[in-house]
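K.L.:
build the 3D model from these lines:
(chains A and B)
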2 protein chains.
Amino acid sequence: MTKRFLRMTIAYDGNDFAGWQRQPGKRTVQGEFEDALYRILGRPTLATASGRTDAGVHALAQVVGIETEKPIAEPALQKALNAELPEDIHVFDVSPAPIGFDPIRDAVRKRYRYLICDGRTPDIFARRYVWHLFHTLDEAAMRESAQALVGKHDFAAYQTKGSSRLTTVRTLFDVTVERIAADRIDKLAIEVEADGFLYNMVRNIVGTLVEVGRGKRSITWPAQVLASRDRKEAGMVAPAHGLYLLWVRYD
Amino acid sequence: MTKRFLRMTIAYDGNDFAGWQRQPGKRTVQGEFEDALYRILGRPTLATASGRTDAGVHALAQVVGIETEKPIAEPALQKALNAELPEDIHVFDVSPAPIGFDPIRDAVRKRYRYLICDGRTPDIFARRYVWHLFHTLDEAAMRESAQALVGKHDFAAYQTKGSSRLTTVRTLFDVTVERIAADRIDKLAIEVEADGFLYNMVRNIVGTLVEVGRGKRSITWPAQVLASRDRKEAGMVAPAHGLYLLWVRYD
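P.N.:
Numbers count the residues shown, from 1 in each chain, chains lettered A, B, ... in the order given. Sure thing, here's the model as predicted:
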């Protein structure tokens, strides 16, 4: 039988997962996904994601690749997966992919969103989905200071140690800081788009911008942190449960 | 010391509670609330709500009354409660109430909201907060058929047995059926306002309107159910986790 490469677009709620990557004795997205594939396809099937999201991080459109010899039609596989998967994972699309499709290596661009609820009234219904800060943030200051990060830079200062990337240079295409109307209580959304991300890079950028938003640091500080290339200079790592992988682009 | 009556407005996420009412060995809103009051005021204090919401039902602005001899200022009590309460309960307001204030007896009007996510794509992030139906509902038909319920009627057909209300006559002031833009995936919101509600009345109305929205029943059916005064005629009881107590009005 001929091998086929398939590309799937999936969403998951990160709260009850120890991240994407399969780990013994832990509930992970990859573990649940591969278990469902095994029940449907009848053999062990490796599922690779565009990136291994950490424990608690959500995905609105993660891309997952598999290789299979089974002649199951894409819509039938999508339906079977959604029937087998738990309710905190959903498959939006299953499509044929080029031979050798590798969701990590082939990704050319990604965008993340980070949600914050600032101010004195918490949105208790969103407590698992946004970072609650009991300070009102100055989003204009955050927006202005974030622009210094756009472009091709060494983002070593915004990386948490522990990863083994060959280079810490990345190109950041866009950073936006906007208030969005959500039901009941407004949220602050920070979005970051780049050709790739270092370990905890978005959460480090958000933690740094929040220091500016609280007025504890000046508008030029995120640029100074960037220039230092020193992780110890950056702000705190923002918590995982406010972070969403929005999409991944392939050529 | 003089006794004071206080009125509080609170929100709670019903998912992890066995309803409002204190029950041995179960996590309830009243239990958590009275435990917090005990830690703050140093003595057992009864907390009464405008109504005992069922397990899983949420509140955006439930009204709770207490009686206390402690001279604590209202803003200080609010702050202390929010510090003591778990993160799925929030106190928005603490105000003086008239002597003898009874949140159940004195309530003159209430409004509930019910949220549905219809269509083939579930919002996995809202799965604890809306009823997911994998059918697209005809909201115009639901809206039209619901109007027959407005007015003073015997709602016995929309009551689940097990309550001991003296009369099943209630005045329904308003029913609305509207699509609301929520982040990512639209929801259908059904709101019902009345001078009082029978046991499971909103959930029975919603379950009945959904039958119309799915095209399984005619637009005149909810009126026929009402006229029958027979619970066996109504649709299914909609699940608790889509229901929100929006507000309670006092004279």
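K.L.:
how about whichever strand or helix holds A:Tyr244, does it get close to chain B?
P.N.:
Per DSSP states H and E: A:Tyr244 is located in strand A:243-250. No: Strand A:243-250 does not reach chain B (CB under 8 Å from any CB of the partner chain); its nearest approach is 9.0 Å. Any C-beta I mention is one placed from the backbone N, CA and C, and that applies to glycine too.
K.L.:
do the same with stretch A:43-55
P.N.:
No: counting by CB under 8 Å from any CB, chain B is not contacted by stretch A:43-55; separation bottoms out at 14.6 Å.
K.L.:
just the mean pLDDT for that stretch, thanks.
P.N.:
The predicted model gives stretch A:43-55 an average pLDDT of 96.
K.L.:
check stretch A:26-34 too.
P.N.:
98.
K.L.:
so A:Leu198 touches A:Tyr158, yeah?
P.N.:
Yes: applying CB atoms under 8 Å, one finds A:Leu198 in contact with A:Tyr158, separated by 6.6 Å.
K.L.:
can you list the residues that contact the host helix or strand of A:Val94?
P.N.:
Element membership of A:Val94, judged by DSSP H and E, is strand A:89-97. Contacts to strand A:89-97, defined as CB atoms under 8 Å, 6 or more residues apart in numbering or on different chains, come from residues A:4-13, A:29, A:32-33, A:61, A:65, A:74-75, A:77-78, A:81-82, A:85, B:121-122, B:124.
K.L.:
adjacent strands (with direction) for the strand holding A:Tyr244?
P.N.:
Strand pairing for strand A:243-250, using DSSP bridges, gives strand A:58-68 (parallel), strand A:107-118 (antiparallel).
K.L.:
for those strands, which one ends up most surrounded?
P.N.:
strand A:58-68 (a mean of 22; mean count of other CB atoms under 10 Å in any protein chain shown).
K.L.:
quick check: angle from it to strand A:89-97?
P.N.:
Strand A:58-68 runs at 40 degrees relative to strand A:89-97, counting by axes from the mean of the first three to the mean of the last three CA atoms, to 10 degrees.
K.L.:
which helix or strand lies directly C-terminal to strand A:58-68?
P.N.:
Per DSSP H and E, the helix or strand that comes after strand A:58-68 is helix A:74-84.
K.L.:
quick check: which helices or strands does that following helix pack against?
P.N.:
strand A:4-12, helix A:29-41, strand A:89-97 (3 or more CB pairs under 8 Å, 6 or more residues apart in numbering or on different chains; DSSP states H and E).
K.L.:
relative to B:Ile116, which of these is closest?
P.N.:
strand A:89-97 (17.3 Å; CB to CB).
K.L.:
how far away is A:Ile219 from A:Tyr158?
P.N.:
Distance, A:Ile219 to A:Tyr158, by CB to CB, to the nearest Å: 17 Å.
K.L.:
have a look at those two and say which one is more surrounded.
P.N.:
A:Tyr158 (31 against 17; other CB atoms under 10 Å in any protein chain shown).
K.L.:
of the helices and strands packed on helix A:74-84, which stretch is the most buried?
P.N.:
The most buried one of those (mean count of other CB under 10 Å) is strand A:4-12, showing a mean of 21.
K.L.:
dihedrals phi and psi, the residue of the stretch 101-250 of chain A found nearest chain B?
P.N.:
Residue of the stretch 101-250 of chain A nearest chain B, by CB to the nearest CB: A:Ile124 (5.0 Å). In terms of degrees, to the nearest 10, the main-chain angles of A:Ile124 are phi -60, psi -20.
K.L.:
so who does it touch?
P.N.:
Neighbours of A:Ile124 in contact, by CB under 8 Å, 6+ apart: B:11-13, B:87-90.
K.L.:
just give the number of residues close to A:Ala80.
P.N.:
18.
K.L.:
equivalent analysis for the one 5 residues further on, please.
P.N.:
Summarising burial for A:Leu85: neighbours were counted as other CB under 10 Å, giving 20.
K.L.:
surely it meets A:Asp35?
P.N.:
No: using CB under 8 Å, A:Leu85 is not in contact with A:Asp35; the gap is 9.1 Å.
K.L.:
how much space is there between A:Val94 and chain B?
P.N.:
A:Val94 sits 14 Å away from chain B, taking CB to the nearest CB, to the nearest Å as the criterion.
K.L.:
same question, A:Thr45
P.N.:
Distance from A:Thr45 to chain B, by CB to the nearest CB: 22 Å.
K.L.:
would you double-check that A:Ile205 falls in a helix?
P.N.:
Yes: with DSSP: H, G, I helix; E, B strand; the rest coil as the criterion, A:Ile205 is part of a helix.
K.L.:
how about it, nearest residue that isn't a chain neighbour?
P.N.:
A:Tyr158 (5.6 Å; CB to CB, 6 or more residues apart in numbering or on different chains).
K.L.:
can you map out the strands along the stretch 101-250 of chain A?
P.N.:
A:107-118, A:131-133, A:151-154, A:169-180, A:187-194, A:243-250 (DSSP state E, counting those that start in this stretch).
K.L.:
most tightly packed of those strands?
P.N.:
Using mean count of other CB under 10 Å, strand A:187-194 ranks as the most buried of these, with a mean of 22.
K.L.:
pull the residues that contact that strand.
P.N.:
With CB under 8 Å, 6+ apart, strand A:187-194 has contacts from A:109-118, A:123, A:126, A:130, A:137, A:139, A:142, A:146, A:170-180, A:201-202, A:205-206, A:209, A:246.
K.L.:
what's the mean pLDDT across it?
P.N.:
Averaged over strand A:187-194, pLDDT sits at 96.
K.L.:
that one to strand A:169-180, inter-axis angle?
P.N.:
Using the same axes, to 10 degrees: strand A:187-194 against strand A:169-180 is 160 degrees.
K.L.:
strand A:187-194: how far from the chain's middle?
P.N.:
11 Å (CA atoms, centre = their mean, to the nearest Å).
K.L.:
ok, stretch A:76-93 next?
P.N.:
20 Å.
K.L.:
any idea of the mean pLDDT in it?
P.N.:
On average, stretch A:76-93 scores 97.
K.L.:
just the CA trace of that stretch, in PDB.
P.N.:
The C-alpha trace of stretch A:76-93 is given here as PDB (Å, rounded to 0.1, in the frame of the first residue of the first chain):
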ATOM      1  CA  ALA A  76     -14.200   9.900   7.400                       C
ATOM      2  CA  LEU A  77     -11.000  10.100   9.400                       C
ATOM      3  CA  GLN A  78     -11.900  13.600  10.600                       C
ATOM      4  CA  LYS A  79     -15.300  12.300  11.700                       C
ATOM      5  CA  ALA A  80     -13.800   9.200  13.400                       C
ATOM      6  CA  LEU A  81     -11.200  11.300  15.200                       C
ATOM      7  CA  ASN A  82     -13.800  13.800  16.600                       C
ATOM      8  CA  ALA A  83     -15.900  10.800  17.800                       C
ATOM      9  CA  GLU A  84     -12.900   9.200  19.500                       C
ATOM     10  CA  LEU A  85     -11.200  12.300  20.900                       C
ATOM     11  CA  PRO A  86     -12.100  13.800  24.300                       C
ATOM     12  CA  GLU A  87     -14.100  17.000  24.200                       C
ATOM     13  CA  ASP A  88     -11.100  19.300  24.800                       C
ATOM     14  CA  ILE A  89      -9.600  18.400  21.400                       C
ATOM     15  CA  HIS A  90     -11.400  19.100  18.100                       C
ATOM     16  CA  VAL A  91     -10.200  18.300  14.500                       C
ATOM     17  CA  PHE A  92     -11.300  21.100  12.100                       C
ATOM     18  CA  ASP A  93      -9.700  19.700   9.000                       C
END
